[in-house]
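Engineer: predicted model and sequence below, questions to follow.
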Amino acid sequence: MYWLEYIVFLAFVVGLAQPAGLYLTRVFERRPTFLDPVLRPIESFLYRWLGVLRSREMSSGIYTLCFLLFSAVSTGGLFLLLLAQRWLPGGPGDRYLTTPMTVDLAANTAISFSTTTTWQAYGGETTLRYLTQLLGLVSQNFLAGAAGLALGIAFIRGLARERSATIGNFWVDLVRALLWVLLPLALVGSLVLIWQGVPLNLAPYTEAHTLEGGIQTIAQGPVAALEFIKNLGTNGGGFFNANGAHPYENPTPLVNFLVMLAIAVLPASLTITFGHMTGRPRAGWVLLAVMVVLFIGGLALCDFAESATPPQLAGLHLSGGNMEGKEVRFGIGGSVLAAVVTSNGATGSYNSMHGSYQPLGVLVPLVNMLLGEVVFGGLGTGLYSIIMTALVAVFLGGLMVGRTPEYLGKKIRAAETKLIALYALLTPAVVLVLTGVALATNAGRAGLVTNGGTRGFSEVLFAYASSMANNGQSMAGLNANSLFYNATTAVAMLAGRFGLAALALALAGRFAAQRRWPTTVGTLPGDSATFGALVLGTIVLVGAVCFLPALALGPIAEALHH
């Protein structure tokens with residue numbers, strides 16, 4: 001029964017990838033679209049207001065600098081808003097805000113939302129005012145998501161152009177990503193969520209008297225304003241502490257299905273955009289096929305782990321899958337699908353407690369993040385993540401045939417190889433070093449308030465993998481609201497967003513400056529099934545070399561113990 005849901009979801013993602021990818025191609029190549037009559041006047045006004053010349057393009061260095069400055073201003077503005085929120089008017093009342101907004105928590109949260117990580121070391125309903133969520137978090141979901149899409153498009157241009165000193169204009173790409181993609185889709189999606197029961201109000205929290213005589217506080221607020229864009233922009237982060245498991249954020253199976261489509265469709269469609277902008281449509285389909293194969297593999301393993309009877313129940317002669325930490329309205333199928341989609345899509349809007357998953361169930365989302373979320377991935381960033389891995393595959397293939405590696409007519413020489421190697425090594429260097437530091441210090445181990453041993457190791461590794469992948473989900477058995485974790489997870493978030501982006505854009509600039517070399521008999525085609533198999537094997541090989549020892553100390557050891 002679960003597999004029917006999985007098949008329908010994948011069919012929607014693959015089916016929508018083609019029209020969505022072609023639409024994105026038209027938007028960023030400035031070809032006519034049906035939204036132009038409404039949006040072009042707004043676009044022109046924004047360019048005049050910002051002082052942007054749409055015809056003035058940027059080198060990869062200037063493009064990166066603009067992205068960094070934009071992100072720095074966004075982070076600083078949100079940081080100040082978080083510190084000043086105690087003086088903002090409106091709900092919820094002060095007596096409900098029980099988590100202090102310390103300087104380190106404010107800094108971590110500001111970095112988190114401006115990098116699309118949305119790692120939350122706090123509970124939204126006990127920490128933030130409505131205006132903070134609306135003015136700070138919702139706006140950053142739009143802006144950071146649009147910036148990520150702009151990066152992906154700029155990277156594609158690097159491979160598409162030849163003998164060019166530029167890869168586009170960051171401000172133009174940002175504005176078009178906002179106006180033509182995120183705003184209209186978020187508006188329609190949010191209205192659907194309101195129809196399905198997601199609240200959009202500024203009402204005070206409701207205190208209800210239960211049948212047992214107690215008082216239950218029911219938090220509410222402008223939830224629908226945040227909910228759809230957090231998924232569409234591959235941000236994540238919950239209005240409430242329970243995130244996508246909360247009935248006000250995710251009330252029905254239909255909403256659960258739609259928000260998962262919002263996470264996956266645009267990143268998947270960028271492979272089609274890539275194929276058309278580079279003039280190699282089949283190359284885009286090959287990358288999408290690799291994504292689908294990896295997605296199915298992860299889904300099968302996670303479903304197997306969670307559908308099996310847990311050892312604790314088997315010992316009591318009970319049968320049934322692992323429903324601990326899962327919502328009955330989603331069941332195992334909807335929970336597993338969300339776990340795999342969100343861990344692949346750089347979107348931490350999980351709808352079940354991953355800390356309650358079986359060891360192999362934990363392994364799947366953890367590996368998805370450690371691999372750099374090459375399956376769909378973040379909006380824009382997921383595309384260059386899988387292409388960078390494909391370039392490693394090209395390099396290995398070139399070594400085997402004794403030729404200078406090239407991809408789509410662009411040669412990978414010494415300078416390009418160094419950038420690719422740095423990109424591939426940055427994630428394991430950051431994640432493994434920070435995990436080691438956390439487990440070797442009292443400040444790091446102090447966060448393990450629930451579990452020790454292999455499960456505790458997995459929780460720490462999961463936290464840094466999530467931060468580096470700009471994902472934001474956690475196993476929740478780790479108390480991360482401390483100076484140590486607020487600082488170290490911020491380091492991982494910054495490296496995952498800006499370190500990887502800078503390397504990718506630098507490589508795009510070098511590719512754009514090259515001529516396109518003609519295809520010869522000795523060229524490894526980038527649009528064949530053989531190349532797809534090579535990319536798939538490279539992803540598995542690089543992941544195993546970098547992370548298998550760490551995984552063996554965490555979820556694998558726990559699975560063997562069980």
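Structural biologist: Arrived safely. Numbers count the residues shown, from 1 in each chain.
Engineer: which one is residue 19 nearest to, not counting chain neighbours?
Structural biologist: Distance criterion CB to CB, 6 or more residues apart in numbering; nearest residue to residue 19, sequence neighbours excluded, is residue 269 at 8.0 Å. C-beta here means a position set from N, CA and C on the backbone, and glycine is covered the same way.
Engineer: so who does residue 220 touch?
Structural biologist: 199, 201, 203, 205-206, 248 (CB atoms under 8 Å, 6 or more residues apart in numbering).
Engineer: whoops, I mixed them up, residue 48
Structural biologist: Counting by CB under 8 Å, 6+ apart, there are no residues that residue 48 touches.
Engineer: what helix or strand is it located in?
Structural biologist: In this structure, residue 48 is located in helix 36-50 according to DSSP states H and E.
Engineer: so which bits of that helix are buried?
Structural biologist: 39, 43, 46-47 (16 or more other CB atoms under 10 Å).
Engineer: pLDDT weak spots in the stretch 401-550 of the chain?
Structural biologist: Filtered on pLDDT under 70, the stretch 401-550 of the chain yields the residue ranges 401-402, 521-522.
Engineer: 90 instead?
Structural biologist: Residues of the stretch 401-550 of the chain that meet the criterion pLDDT under 90 lie in 401-411, 413-414, 447-453, 472-480, 515-528, 530.
Engineer: just to revisit the earlier point, just send the contacts of residue 220 back as a markdown table, with pLDDT too.
Structural biologist: A markdown table is the format used below for those (pLDDT from 0 to 100):
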| residue | pLDDT |
| --- | --- |
| 199 | 93 |
| 201 | 92 |
| 203 | 89 |
| 205 | 90 |
| 206 | 88 |
| 248 | 92 |
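Engineer: so is the residue in the chain sticking out farthest from the centre in a helix, a strand, or just coil?
Structural biologist: Of all residues in the chain, residue 213 has its C-alpha farthest from the mean position, at 43.1 Å, by CA atoms, centre = their mean. Of the three states, residue 213 takes coil according to DSSP: H, G, I helix; E, B strand; the rest coil.
Engineer: distance of it from residue 164?
Structural biologist: Distance of residue 213 to residue 164, given as CB to CB, to the nearest Å: 72 Å.
Engineer: please name every helix or strand in contact with the helix or strand encompassing the residue nearest to residue 19.
Structural biologist: Using DSSP H and E, residue 269 sits in helix 253-277. With contacts taken as 3 or more CB pairs under 8 Å, 6 or more residues apart in numbering; DSSP states H and E, helix 253-277 sits against helix 2-28, helix 139-160, helix 183-195, helix 223-232, helix 281-307, helix 331-344, helix 381-401.
Engineer: got the phi/psi numbers for the residue nearest to the spatial centre of the chain?
Structural biologist: Residue closest to the mean C-alpha point of the chain, counted by CA atoms, centre = their mean, is residue 346 at 1.3 Å. Per-residue torsions, residue 346: phi 60, psi 30 (degrees, to the nearest 10).
Engineer: who's in contact with it?
Structural biologist: Residue 346 is in contact with 116, 234, 236, 373, 377-379, 381-382, 469-471, counting by CB under 8 Å, 6+ apart.
Engineer: okay, and which of those residues map to helices?
Structural biologist: Residues of the contacts of residue 346 located in helices (DSSP state H): 381-382.
Engineer: doesn't residue 276 make contact with residue 284?
Structural biologist: Yes: at 7.1 Å, residue 284 and residue 276 qualify as touching, with contact defined as CB atoms under 8 Å.
Engineer: which neighbours do these two have in common?
Structural biologist: residue 21.
Engineer: out of the two, which sits in the busier spot?
Structural biologist: For residue 284 versus residue 276, neighbours defined as other CB atoms under 10 Å are more numerous around residue 284 (25 against 20).
Engineer: look up how far residue 320 lies from residue 343.
Structural biologist: 24 Å.
Engineer: ok so, going back, just the pLDDT for the residue nearest to the centre of the chain.
Structural biologist: Looking at residue 346, its pLDDT is 87.
Engineer: need the three-state assignment for residue 207.
Structural biologist: strand.
Engineer: state the number of residues packed around it.
Structural biologist: The burial count for residue 207: 9, using other CB under 10 Å.
Engineer: residues in a beta bridge with it, which ones?
Structural biologist: residue 217 (DSSP bridges).
Engineer: any idea how far residue 180 is from residue 63?
Structural biologist: Following CB to CB, the distance that separates residue 63 from residue 180 is 19 Å.
Engineer: repeat that for residue 137.
Structural biologist: Distance from residue 137 to residue 180, by CB to CB: 23 Å.
Engineer: of those two, which one has the most company?
Structural biologist: residue 137 (26 against 21).
Engineer: so is that one in a helix, a strand, or just coil?
Structural biologist: helix.
Engineer: and residue 48, how far from residue 41?
Structural biologist: Counting by CB to CB, the gap from residue 48 to residue 41 is 11 Å.
Engineer: for residue 408, same thing?
Structural biologist: Applying CB to CB to residue 408 and residue 41 gives a distance of 37 Å.
Engineer: for the protein, name the helix or strand with the lowest mean pLDDT.
Structural biologist: Between all helices and strands in the chain, the lowest mean by mean pLDDT, DSSP states H and E belongs to helix 311-314, at a mean of 70.
Engineer: am I right that residue 425 sits in a strand?
Structural biologist: No: in this structure, residue 425 is helix, not part of a strand, as judged by three-state DSSP.
Engineer: re the thing from before, any idea which of the buried residues of helix 36-50 is the one closest to residue 260?
Structural biologist: residue 39 (27.4 Å; CB to CB).
Engineer: tell me the contacts of the closest one?
Structural biologist: 179-180.
Engineer: next one, pLDDT for it please.
Structural biologist: 96.
Engineer: where exactly do the strands run in the stretch 51-200 of the chain?
Structural biologist: Defined through DSSP state E, counting those that start in this stretch, the strands belonging to the stretch 51-200 of the chain form an empty list.
Engineer: okay, and for it, where does confidence drop off?
Structural biologist: Checking the stretch 51-200 of the chain against pLDDT under 90 turns up 54-55, 86, 88-99, 118-124.
Engineer: repeat the analysis, applying 50 as the threshold.
Structural biologist: Within the stretch 51-200 of the chain, not a single segment meets pLDDT under 50.
Engineer: sorry, back to before: which one of residue 343 and residue 320 has more residues nearby?
Structural biologist: Taking neighbours as other CB under 10 Å, residue 343 and residue 320 compare with residue 343 leading, 30 against 11.
Engineer: ok so, going back, quick one, the helix holding residue 48 and helix 183-195 angle?
Structural biologist: 110 degrees (axes from the mean of the first three to the mean of the last three CA atoms, to 10 degrees).
Engineer: got the angle for helix 36-50 vs helix 2-28?
Structural biologist: Using the same axes, to 10 degrees: helix 36-50 against helix 2-28 is 60 degrees.
Engineer: return the distance of helix 36-50 from the chain's centre.
Structural biologist: 29 Å (CA atoms, centre = their mean, to the nearest Å).
Engineer: ok, the spatially closest residue to residue 480 that is not a sequence neighbour to residue 237 distance?
Structural biologist: Once flanking residues are discounted, residue 480 sits nearest to residue 121: 4.4 Å by CB to CB, 6+ apart. Distance of residue 121 to residue 237, given as CB to CB: 11 Å.
Engineer: more neighbours: these two, which one.
Structural biologist: residue 237 (26 against 22).
Engineer: ok, the more buried one - contacts?
Structural biologist: Contacts of residue 237 (CB under 8 Å, 6+ apart): 112-113, 118-120, 137, 141, 226, 230, 243, 348-349, 472.
Engineer: how about residue 361?
Structural biologist: Contacts of residue 361 (CB under 8 Å, 6+ apart): 302, 305-306, 322, 336, 339, 354.
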